[in-house]
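In: The following comprises the amino acid sequence and a computationally predicted model.
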Amino acid sequence: MSLNLYNSLSRSVEAFAPGDPGHVTFYSCGPTVYDDAHIGNFRSFLAADVLRRFIESPMCEIGGLRGPRTVTHVMNITDVGHMTDDAEGGEAGEDRMQVAAERLLEAKKSGKLPAGATLDNPADPYQIASFYAARFLEDARTLGLKVAIEQQADPSLMPRPTQKIPGMIAMISALIAKGYAYAVGEAGKQTVYFDVQKFPSYGALSNNTLDNLRAGLGGRISEVNQQQKRHPADFLLWKVDPTHVMKWPSPWGEGYPGWHIECSVMAAERLGKGLLANDTSVAHPIGTLPGNSAMIDLHSGGEDNMFPHHECEIAQSCCAFNQDPRGGSFSRHWFHPRHLFVDGAKMSKSKGNFYTPRDLYPKGVQPGALRLELIRTHYRTNANFTMQGLEDSSRMVDRWRKVLAADSGVTVVASEDHPLLVAFGAAMSSDLNVAAAIAEVNKFVSQTAAYTPADAAAMRQIDAVLGVLALDQLAVTQTDLAVFVGGAVPNPAVEGKLHERKTARAAKDFARSDAIRDEILAMGYAIKDAAGGKVELSPRK
């Protein structure tokens, strides 16, 4: 069964048809590194990772060709130009790096910098970006994000805008020369906008029209900025601003790039096969695509990226690189996972339901269980994260590991007609239906009396897609009385309480035993009686 996938641009499920069925090019919008990525961010990143892994899998058929195949996956790490308000085409509010600087300066004054922070100058945006980028990469690798693992050997797979300014200047210059962009203001102090009226397809991805965009701008728009534009929806490509926290010389003056131009440049340079040189000294830094043909096969991002970010990417990329941009799409296929809620509500620090992966590990959450919980809902459905769901995912991971235990130590290759692989592959080929695919795994695990080495080989092939069983597990520490799991650490006080509880239970003083159990809970440990007379302690959630 060929892979069929919902395309946000056509708003329909269609056969996935890359330019080369043996080699897929894939670009994902990554994090803006002004803070730690939260689990909602990772829901989107991991959905893209599962799609990428399935496309690579022998279970995936594309254009009559079964895998394995190569996927070149690029994900940016944004470190400049992403403003706090996109209402005016990317120039309203503050740069998020400036927001991070203000927050970290205050944290340093109060002695509340994040653990492990070694920021000599929290006001330096480059130090901030480096610090949070490193934390993101660590979190991403812990959760098995394959592009972050590959980045260690090939840093070009996770580019940063501050490294690609020459390419942005070259692309903006080409857009101006072709009549798709314009500069306003006096020489040396100019702002450059993309002219959306020159690209008739603008709005096709988000199902907007220019008239609707003009009418829907409301009161969030600055009259000063709007007076410079030919159309209210025109978006920023470059802005000269002496007050901006990060800036570079350009033909229009010293300034910074718009957020939207960054991804087009990074995709073109790494995936465009010579379409763009990140070097302004090159005589012809911009190449040309025939007709309105797409540059890349697949583009992903959270649904909130669809407008304005991805809409703008399509417009500027087609106009810069295509011989005929009309009807162009930049990417053949657009993939947008939906939002993650926590306990049925939007995440909010004020509500106490805002989590990063780093918040959850000290509570005893294993990376494999967290990854499974974040990927197991269909990507086109809003996911609801709960602690009960996380515990269910943890139990699933434990059950699946028992299948791998049937491995004989001799290399066994699962037949492609193994019933588990057939059922799993069919579910995944139907619009990446991870929920149905996981249901097939659970059915097989529960209905099989004794697992074989072939079953273990099939489970390994499935885990190459889901990516949960091979992840590192948090350390387990044992003492005479307890097993400490999930990052829980023994200490003399809790050990003393455990000795008291053991004595009370031996004397059948169960009231005292229950009271001590409550005292241990109050100390921050969840307690569970285990086999062999020991107890299992984990951080209390």
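Out: It's in.
In: May I see the buried residues of stretch 422-442?
Out: 422-425, 427-429, 431-434, 436-438, 440-441 (16 or more other Cβ atoms under 10 Å). C-beta coordinates here come from the backbone N, C-alpha and C atoms, glycine included.
In: and that stretch, C-alpha only, in PDB?
Out: What follows is stretch 422-442, C-alpha atoms only, in PDB (Å, rounded to 0.1, in the frame of the first residue of the first chain):
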ATOM      1  CA  VAL A 422       1.700  -5.800   7.400                       C
ATOM      2  CA  ALA A 423      -0.900  -4.400   9.800                       C
ATOM      3  CA  PHE A 424       1.400  -1.700  11.200                       C
ATOM      4  CA  GLY A 425       2.500  -0.600   7.700                       C
ATOM      5  CA  ALA A 426      -1.000  -0.400   6.400                       C
ATOM      6  CA  ALA A 427      -2.100   1.800   9.300                       C
ATOM      7  CA  MET A 428       0.900   4.100   8.900                       C
ATOM      8  CA  SER A 429       0.400   4.300   5.100                       C
ATOM      9  CA  SER A 430      -3.100   5.600   5.700                       C
ATOM     10  CA  ASP A 431      -2.300   9.200   6.500                       C
ATOM     11  CA  LEU A 432       0.300   8.300   9.100                       C
ATOM     12  CA  ASN A 433      -2.400   6.800  11.400                       C
ATOM     13  CA  VAL A 434      -0.100   6.200  14.400                       C
ATOM     14  CA  ALA A 435      -3.000   5.600  16.700                       C
ATOM     15  CA  ALA A 436      -4.200   2.700  14.600                       C
ATOM     16  CA  ALA A 437      -0.700   1.400  14.100                       C
ATOM     17  CA  ILE A 438      -0.100   1.400  17.900                       C
ATOM     18  CA  ALA A 439      -3.400  -0.400  18.400                       C
ATOM     19  CA  GLU A 440      -2.100  -3.200  16.000                       C
ATOM     20  CA  VAL A 441       1.100  -3.500  18.100                       C
ATOM     21  CA  ASN A 442      -0.900  -3.800  21.300                       C
END
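In: With respect to residue 76, which of the buried residues of stretch 422-442 is nearest?
Out: residue 432 (22.4 Å; Cβ to Cβ).
In: show me the contacts for the nearest residue to the closest one once chain neighbours are set aside.
Out: Of all residues not flanking residue 432 in the chain, residue 51 sits nearest, at 5.7 Å (Cβ to Cβ, 6 or more residues apart in numbering). Contacts for residue 51 (Cβ atoms under 8 Å, 6 or more residues apart in numbering) come out as 5, 298, 300, 335, 432.
In: Next: residue 19.
Out: 25, 294, 297, 332 are the contacts of residue 19 under Cβ under 8 Å, 6+ apart.
In: go with 10 Å
Out: Residues near residue 19 by Cβ atoms under 10 Å, 6 or more residues apart in numbering: 25, 293, 294, 295, 296, 297, 332.
In: If we ignore the residues flanking it in sequence, what's nearest residue 262?
Out: Spatially, and ignoring its direct neighbours in sequence, residue 262 is nearest to residue 161 (4.1 Å; Cβ to Cβ, 6+ apart).
In: and what of residue 288?
Out: residue 323 (5.6 Å).
In: again with residue 69
Out: The shortest distance from residue 69 to any non-neighbouring residue, by Cβ to Cβ, 6+ apart, is to residue 22 (5.1 Å).
In: residues near that neighbour, how many?
Out: When counting by other Cβ atoms under 10 Å, one arrives at 12 neighbours for residue 22.
In: hmm, back to that, mind checking which of the contacts of residue 19 are in strands?
Out: 25, 296, 297, 332 (DSSP state E).
In: give me every residue that touches the nearest residue to the second one once chain neighbours are set aside.
Out: Same thing as residue 296. Distance criterion Cβ to Cβ, 6+ apart; nearest residue to residue 296, sequence neighbours excluded, is residue 25 at 4.5 Å. With contacts defined as Cβ under 10 Å, 6+ apart, residue 25 is in contact with 18-19, 70-74, 267, 270-273, 294-299, 331-332.
In: again with residue 490
Out: Per Cβ under 10 Å, 6+ apart, neighbours of residue 490: 477, 478, 479, 481, 482, 484, 498, 537.
In: Now rank these by neighbours and give me the top one.
Out: residue 537 (28 neighbours).
In: what's the spacing between that one and residue 137?
Out: To residue 137, residue 537 is 31 Å away according to Cβ to Cβ, to the nearest Å.
In: Return the distance of residue 51 relative to residue 15.
Out: 15 Å.
In: Equivalent analysis for residue 240, please.
Out: According to Cβ to Cβ, residue 240 stands 46 Å off from residue 15.
In: Please say which of these two ends up with more neighbours.
Out: Neighbour tally, residue 240 and residue 15, criterion other Cβ under 10 Å: the higher count belongs to residue 240, 20 against 12.
In: Could you report the pLDDT at that one?
Out: Note on residue 240: pLDDT of 92.
In: List the residues that contact it.
Out: Applying Cβ under 10 Å, 6+ apart to residue 240 gives the contacts 183, 185-186, 188-192, 247, 250, 252-256.
In: Where does the record place the domain boundaries for this protein?
Out: The chain resolves into domains spanning 162-290, 340-466, 477-539 when parsed by automatic domain parsing.
In: ranges for the helices of the stretch 151-300 of the chain?
Out: 165-177, 210-215, 223-227, 259-271 (DSSP state H, counting those that start in this stretch).
In: So which of the contacts of residue 51 wins on neighbours?
Out: That'd be residue 300 among these, by other Cβ under 10 Å, with 27 neighbours.
In: Enumerate every residue touching that residue.
Out: With contact set as Cβ under 10 Å, 6+ apart, residue 300 has these partners: 8, 26-29, 44-45, 47-49, 51-52, 73, 75, 310, 331, 333-337, 379.
In: Any quick PyMOL command for the buried ones out of the residues you listed?
Out: The PyMOL selection below is limited to those of the contacts of residue 300 classed as buried (16+ other Cβ under 10 Å):
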select buried, resi 8+26+27+28+29+44+45+47+48+49+51+52+73+75+310+331+333+334+335+336+337+379
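In: Least confident secondary structure element in this protein?
Out: Least confident helix or strand of the chain, by mean pLDDT, DSSP states H and E, is strand 83-85 with a mean of 59.
In: since we're on the residue nearest to residue 262, how many residues are nearby?
Out: By other Cβ under 10 Å, the residues close to residue 161 number 26.
In: gap between it and residue 285?
Out: Noted for residue 161: a distance of 17 Å to residue 285, by Cβ to Cβ.
In: Then residue 7?
Out: Distance, residue 7 to residue 285, by Cβ to Cβ: 31 Å.
In: Same check on residue 130?
Out: 28 Å.
In: Comparing these two, which shows the higher neighbour count?
Out: Neighbours per residue, other Cβ under 10 Å: of residue 130 and residue 285, the larger number sits with residue 285, 20 against 15.
In: who's in contact with that one?
Out: Residues in contact with residue 285 (Cβ under 10 Å, 6+ apart) are 166-167, 169-171, 173-174, 269, 275-279.
In: could you pull out the helices for the stretch 401-541 of the chain?
Out: Taking DSSP H, counting those that start in this stretch as the criterion, the stretch 401-541 of the chain carries its helices at 419-429, 434-447, 453-466, 492-506, 510-522.
In: Export only the CA atoms of stretch 137-148, formatted as CSV.
Out: Extracted in CSV, the C-alpha atoms of stretch 137-148 (Å, rounded to 0.1, in the frame of the first residue of the first chain):
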residue,chain,number,x,y,z
LEU,A,137,19.7,19.6,21.1
GLU,A,138,20.2,17.7,24.3
ASP,A,139,16.4,17.4,24.9
ALA,A,140,15.8,16.4,21.2
ARG,A,141,18.4,13.7,21.3
THR,A,142,17.1,12.4,24.6
LEU,A,143,13.7,12.0,22.8
GLY,A,144,15.2,10.4,19.7
LEU,A,145,14.8,13.3,17.2
LYS,A,146,16.8,11.8,14.4
VAL,A,147,17.8,15.1,12.8
ALA,A,148,19.3,16.3,16.1
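In: For that stretch, give the mean pLDDT please.
Out: The average pLDDT within stretch 137-148 is 97.
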